[in-house]
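Chemist: task: produce atomic coordinates for the following.
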Amino acid sequence: MVLCVKTPLKKAQQVKQFLIEKKLFNQQYSFKRTKSYILFPITKKTGIKKKFSFAELTDVKSLPKARKKKDIKSEVTKKLTKKELDHLRRAYDVIGDIAILEVPPELIKKEKLIAQTLLKLHKNINTVLKKAGIHGTEFRTQPMKHLAGKRTKKTIHKEHGVRLKLDVEKVYFSPRLSTERKRIAQQVKKGERVLVMFSGCAPYPCVLAKNTKAKEIVGIEINPIGHDYGVENLKLNKIKNVTLINSDVRDAVPILKTKFNRIAMPLPKTAEDFLKTAFTAAKKGTIIHFYAFEEQGKFKDAHARIRKACKKNKLKCRILKTTKCGQHAPRTYRICVDFKIL
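Modeler: Predicted coordinates for the structure are as follows:
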């Protein structure tokens with residue numbers, strides 16, 4: 001018998017996301033789908049019924065065994081030396097139908113081989129690029145080099161019920177923040193006014209608009225190309241309650257007449273420099289989502305910087321929660337600190 005959670009098709013995506021986040025999937029089995037529901041194999045029942053009252057926990061006699069996933073390393077083992085294999089990075093980003101690799105210097109001569117292998121492994125990938133430099137300029141963009149497949153840097157990425165059109169070289173976008181965007185959306189209450197600073201091609205505004213009952217969402221982005229894609233994405237997703245502004249947040253926020261219930265600051269490298277600006281759009285009770293890069297064990301350093309900035313601006317705050325949003329480097333994480341203005 002296999003323990004499963006049975007959920008209607010319409011609710012399957014949110015249940016699946018929860019199971020992934022809580023690491024409750026039973027990796028030995030595949031899911032089973034019918035015309036009206038899906039059965040997801042799970043290892044334990046923890047928190048499922050509390051989170052989803054509509055879900056049904058059931059024991060199933062048999063489920064198909066999960067297929068072993070092929071990865072780059074297993075496919076190129078015979079084509080690389082042992083030393084080269086040690087340098088091969090399995091992780092890569094997928095934005096729409098574009099895969100983006102990091103190729104270390106030791107594997108430059110084999111980068112085309114690796115890219116072609118990735119194309120053969122995944123039918124949903126049509127283009128393979130590699131990072132050809134660091135994130136530069138205030139736009140946070142990164143040069144890319146074509147390695148295999150269709151010669152393009154433009155794609156449409158899908159997440160949480162929205163489609164996001166972008167050029168991966170000209171616009172900053174992180175697919176790794178998909179779960180984080182959903183986490184923020186789950187906190188937004190009906191009638192809230194939300195400000196998204198550094199909004200890029202509008203992933204936060206679009207996800208929030210489609211998945212919440214926010215009254216108004218304002219996004220501010222300094223990159224004109226990112227802003228233009230954001231405007232296009234609002235039309236693509238038929239979103240009406242979002243306003244996008246192409247400007248430096250330090251210029252745009254002070255002249256906004258609205259005080260917001262919630263402010264997102266997805267700029268982990270230098271968000272601290274913009275806290276004073278965020279405070280001008282905040283009021284008592286405003287929740288701010290502050291992003292930062294911190295070493296493991298030093299997350300409270302971000303708390304200290306927030307409290308220092310609040311004190312400097314004669315404000316009081318309460319730290320609500322700190323969430324890991326992905327690994328940035330060995331022992332260094334992107335984190336989000338949710339805090340409330342008192």
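Chemist: from here on, just use CA atoms for contacts and neighbour counts.
Modeler: OK.
Chemist: please, where are all the helices along the stretch 201-342 of the chain?
Modeler: Listed in chain order, the helices of the stretch 201-342 of the chain (DSSP state H, counting those that start in this stretch) span 203-211, 224-236, 249-252, 275-279, 300-312.
Chemist: if we compare those helices, which one ends up closest to residue 293?
Modeler: Across the helices of the stretch 201-342 of the chain, residue 293 has its closest neighbour in helix 300-312 (8.7 Å, C-alpha to C-alpha).
Chemist: hmm, who's touching that closest one?
Modeler: Among residues not part of helix 300-312, those counted as contacts by C-alpha atoms under 8 Å, 6 or more residues apart in numbering are 272, 275, 276, 292, 294, 316, 317, 319, 337.
Chemist: go on, stretch 136-154?
Modeler: Identification of contacts with stretch 136-154 by C-alpha under 8 Å, 6+ apart yields 98, 111-112, 115-116, 119, 126-135, 165-172, 222-223.
Chemist: that older thread, now, of the helices of the stretch 201-342 of the chain, which is deepest in the fold?
Modeler: Here the criterion is mean neighbour count by mean count of other C-alpha atoms under 10 Å, and of the helices of the stretch 201-342 of the chain the winner is helix 203-211, at a mean of 24.
Chemist: C-alpha coordinates for that helix, CSV please?
Modeler: What follows is the C-alpha trace of helix 203-211 in CSV, where atoms were taken according to Å, rounded to 0.1, in the frame of the first residue of the first chain:
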residue,chain,number,x,y,z
PRO,A,203,7.1,38.8,-12.0
TYR,A,204,6.2,39.9,-8.5
PRO,A,205,3.4,42.2,-9.6
CYS,A,206,1.9,39.6,-12.0
VAL,A,207,2.0,36.7,-9.6
LEU,A,208,0.5,38.9,-6.8
ALA,A,209,-2.2,40.2,-9.1
LYS,A,210,-3.2,36.8,-10.4
ASN,A,211,-3.1,35.0,-7.0
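Chemist: other SSEs contacting the top strand by length along the chain?
Modeler: For the chain, the longest strand by residue count, based on DSSP state E, is strand 317-329. For strand 317-329, the elements it packs on are helix 300-312, strand 332-341, judged by 3 or more C-alpha pairs under 8 Å, 6 or more residues apart in numbering; DSSP states H and E.
Chemist: quick one, the last one and helix 300-312 angle?
Modeler: Using axes from the mean of the first three to the mean of the last three C-alpha atoms, to 10 degrees, the inter-axis angle of strand 332-341 relative to helix 300-312 is 30 degrees.
Chemist: so how far is strand 332-341 from its chain's centroid?
Modeler: Here strand 332-341 shows a centroid-to-chain-centroid distance of 15 Å under the convention C-alpha atoms, centre = their mean, to the nearest Å.
Chemist: contacts for it?
Modeler: Residues outside strand 332-341 that contact it (C-alpha under 8 Å, 6+ apart) are 268, 282-296, 299, 302-303, 315-328.
Chemist: in its sheet, what does it sit against?
Modeler: The partner list of strand 332-341 in its sheet, established with DSSP bridges, is strand 287-295 (antiparallel), strand 317-329 (antiparallel).
Chemist: for residue 157, find the nearest of those.
Modeler: Between residue 157 and the strands paired with strand 332-341, the shortest gap by C-alpha to C-alpha is with strand 317-329, which sits at 19.3 Å.
Chemist: pLDDT of that closest one, averaged?
Modeler: Averaging pLDDT along strand 317-329 gives 92.
Chemist: and if you look at stretch 214-224?
Modeler: Mean per-residue pLDDT for stretch 214-224: 98.
Chemist: then stretch 14-29?
Modeler: Mean pLDDT, stretch 14-29: 88.
Chemist: run through who's touching that stretch.
Modeler: The list of residues contacting stretch 14-29 from outside it, by C-alpha under 8 Å, 6+ apart, reads 7, 40, 41, 42, 43, 44, 52, 63, 64, 65, 66.
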